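Chemist: Sequence plus predicted model, see below.
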Number of protein chains: 2
Amino acid sequence: MGSIAQNVAELDASTFNITRSTNLRDVPLPGSPEELSHSYCTDHMVTVRWTAANGWETPEVKPYQNLSIPPTASCLHYATECFEGMKVYRGYDGKLRLFRPDLNGERLNSSAQRSSLPSFKYDELKKLVGKLMQIDGSRWLPKERPGSFLYIRPTMIGNGAHLGVQVPKEALLFIIAVPWPDFIKMKKEGQKEPSKGLRLYASNPETIRAWPGGFGYAKLGANYGPSLQAHGQAQALGFDQILWLFGEDRQVTEAGASNFFIIWHNADTGKLELVTAPLENQLILPGITRRSVLDLVSEKLSKQAVGPLEPLQVVERTLTIGEIEKAAAEGRIVESFVSGTAYFITPVAMIRNIDTDISTLGPNGEAAGYAAQIKSWLEAIMYGKEEHDWAYTVEHEEK
Amino acid sequence: MGSIAQNVAELDASTFNITRSTNLRDVPLPGSPEELSHSYCTDHMVTVRWTAANGWETPEVKPYQNLSIPPTASCLHYATECFEGMKVYRGYDGKLRLFRPDLNGERLNSSAQRSSLPSFKYDELKKLVGKLMQIDGSRWLPKERPGSFLYIRPTMIGNGAHLGVQVPKEALLFIIAVPWPDFIKMKKEGQKEPSKGLRLYASNPETIRAWPGGFGYAKLGANYGPSLQAHGQAQALGFDQILWLFGEDRQVTEAGASNFFIIWHNADTGKLELVTAPLENQLILPGITRRSVLDLVSEKLSKQAVGPLEPLQVVERTLTIGEIEKAAAEGRIVESFVSGTAYFITPVAMIRNIDTDISTLGPNGEAAGYAAQIKSWLEAIMYGKEEHDWAYTVEHEEK
């Protein structure tokens, strides 16, 4: 069940077998078709093989290339697969940084266990990513473009040849890096008027993303493929994402592949709150950006105002779409946003619930500015404007 | 969402591009390590590419080989994948047959739709499988071994290079064939005493396989990988399969990857019934063997006795583990079995529910013989002892 058996090798990122690409590719410009393809990867990739008999093999860095996978591999039939989403940031001081990468390592282990894939010492993951960026980081995140990032995708798959339904006996951990469009900038450039935020489409009761006792809390492929149908329908209706509801009381869980937040005045006390769904029932992904938002707001905004932003309390609790609708009707909503690695922190402008459109902007039709402030604090850490122990510096070769 | 757009090509199995293998492999003997590997495929495979822009390309038959898959393909990250399980049978009359293959074609379409993969005209599937068996059937199912079968695995994956979470724009349908051990014979040979049936381990409330509004009814990879953890735990405790329960009333849904049946005397009327979970709530896979069992029992056993077997009524309804426990305590259970393509019809000897062991054999500790009779009827159709419109004959080259 993914635990490391005795006498087999643990994952060890202290040595690598390295094969350098002899055919380096052009680095795409921001907004280019290559970048928009979400698939134009850097020159190299990291792979680490695992077998039940021998454990983890020596990690390899090699030229980015297609994987050769047996048609009987369980990742193609039984979705024995999980992944992480991370970014590497080019700082204004020239350094390359990861953001809280050990949390990715821990979550990849949790996902691997849930999908019967092998475990590893969680802090090896940042070293594997670090090695890839040591080699590709300088060219693909030029120091002339501080404030830019690459998206990093560590992935684990069951790739052994065995068609029987069973716990995988072979696996592959691979890590790729890809230039990723800046979603927020992109939307603004493509529109005549600046967008005030995402338009979310609340899921109907016939389509449920996750369930208690299921695996909504793990970053498994199995959470994504079956959700594309509803996502595609929402996009066809002109919405950006599904807002996933759950249960007879229509609890708000996640938005697309992001965590959802609302800032409102409490119906009873009138106090300002930042509310998001709880982790306890294991319905939602424990987002690393989510956790960082909650940590930062608790630290910097729970006791004192910041400029025009009044203090607010962090509340992790079940919230329903009915509560949001009522808060909107009563003018209590101040702001709403989603958080995630791929699209970072993005304001939410409205939610359609069946046939009701709910504005999730403040009373004057604008976001109050909390999301922008939180984003700014996070970026200061990511891009090295502030020294912080959430940042992990990658040693790299500057060309 | 997987529907065929206008002006793109439909799947057409009337022409093929064929590349013959020049390196034919030895056909493994029954019970050999190659057969037990569940991965020693026949000499050829069928592949059909699909793109959103152009639809289905011309099907290919080519030597069995690894697939070359981009590391960014959605099947490796988002489980955009679904499959079918079928068999080809070598009849006692020398013919090769498929069993109700259009039901597989229909179900693969249903699964493809649920995972946002492309659809096709369902009856093309049997022609694709037929072409593979036209080429490999003669050698891999020798006419000297009538009554044998190969397992056939049609699979569809999203294999386009695009890391963004979206409906796949490229897909691959591939079909492989593999010698498959006869599970029932195998178990008997490995044991000192003949097994009276499977030992099932009822799932605990913290792990569920499927939920309303989910995708338990579709043959998606996403239903399998996340179930391996519980399956592995059950096997480590000496059980054969998980019996998946659902809901506060602990409804019995599926056993492992098979449908579950119980034959008992109704608690109120005393009448003999064959009970299995219903399809309406979409929690269970609509098994083709399940449907055939129900059809055959309705036709041949609902109105008259067959030898020593008394008539019984088919009942599709929600049943709970509590009802089974009560029936066992009251001596009302006559027999129990599971059905599926891979392991066909297999008796169930007992179920462990938390700390209670429930015998699901008849009062004298033996199965009554219904499963054996149903199996015999099905085999007569599969192996051509009886002419029946459920059988589809494959034209093949006899060497």
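Modeler: Perfect, I can see it now.
Chemist: quick one: low-confidence ranges for chain A?
Modeler: A:1-6, A:183-194 (pLDDT under 70).
Chemist: For the residue positioned nearest the centre of it, list the residues it contacts.
Modeler: Most central in chain A under CA atoms, centre = their mean is A:T341, positioned 3.5 Å from the mean C-alpha point. Taking CB atoms under 8 Å, 6 or more residues apart in numbering or on different chains, we find A:T341 in contact with A:G85, A:M86, A:K87, A:Y151, A:G287, A:I288, A:T289. The way it works is simple: take the backbone N, C-alpha and C, and place the C-beta from them, glycine included.
Chemist: mind running it again at 7 Å?
Modeler: Taking CB atoms under 7 Å, 6 or more residues apart in numbering or on different chains, we find A:T341 in contact with A:G85, A:M86, A:K87, A:I288, A:T289.
Chemist: Backbone dihedrals for it, please?
Modeler: For A:T341, the backbone dihedrals are phi -70, psi -50 (criterion: degrees, to the nearest 10).
Chemist: Next: A:M382.
Modeler: According to degrees, to the nearest 10, A:M382 has phi -60, psi -40.
Chemist: That one reaches A:Y89, doesn't it?
Modeler: Yes: using CB atoms under 7 Å, A:M382 is in contact with A:Y89, at 4.4 Å.
Chemist: Quickly list what's touching both of these two.
Modeler: Residues touching both A:M382 and A:Y89 (CB under 7 Å, 6+ apart): A:R97.
Chemist: in the longest helix along chain A, what's buried?
Modeler: Looking across chain A with DSSP state H, the single longest helix is helix A:124-140. Buried residues in helix A:124-140, defined by neighbour count with 16 or more other CB atoms under 10 Å in any protein chain shown: A:124-140.
Chemist: ok but A:L103 is inside a helix, no?
Modeler: Yes: counting by DSSP: H, G, I helix; E, B strand; the rest coil, A:L103 is found in a helix.
Chemist: Kindly report the domain assignment for chain A.
Modeler: A:17-180+A:384-394, A:186-368 (automatic domain parsing).
Chemist: Let me know which of the ones you listed is tucked in deepest.
Modeler: Among the domains of chain A, the stretch with the highest mean neighbour count (mean count of other CB atoms under 10 Å in any protein chain shown) is domain A:17-180+A:384-394, at a mean of 20.
Chemist: Quote the end-to-end distance of that domain.
Modeler: Terminal residues of domain A:17-180+A:384-394 lie 19 Å apart, using CA to CA, to the nearest Å.
Chemist: Equivalent analysis for stretch A:359-369, please.
Modeler: OK, stretch A:359-369 end separation, CA to CA: 16 Å.
Chemist: How about residues contacting the longest helix of chain A?
Modeler: Contact with helix A:124-140 is made by A:11, A:13, A:16, A:27, A:42-44, A:46, A:59, A:61, A:86, A:88, A:96, A:98, A:101-102, A:104-105, A:108, A:150, A:152, A:154, A:175, A:177, A:392, A:394-399, as judged by CB under 7 Å, 6+ apart.
Chemist: Keep only those of the residues you listed that are in strands.
Modeler: Under the assignment DSSP state E, the contacts of helix A:124-140 contribute A:44, A:46, A:61, A:86, A:88, A:96, A:98, A:150, A:152, A:154, A:175, A:177, A:392, A:394 to strands.
Chemist: quick revisit: dump the contacts of A:T341 into a markdown table; add distance to chain B as well.
Modeler: Converted to a markdown table, those look like this (distance: CB to the nearest CB, whole Å):
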| residue | distance to chain B |
| --- | --- |
| A:G85 | 10 |
| A:M86 | 13 |
| A:K87 | 13 |
| A:I288 | 17 |
| A:T289 | 16 |
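Chemist: on that earlier part again, just how off-centre is the longest helix of chain A within its chain?
Modeler: Distance of helix A:124-140 from the chain centroid (CA atoms, centre = their mean, to the nearest Å) equals 19 Å.
Chemist: ditto for stretch A:221-237
Modeler: What separates the centre of stretch A:221-237 from the centre of its chain is 17 Å, taken as CA atoms, centre = their mean.
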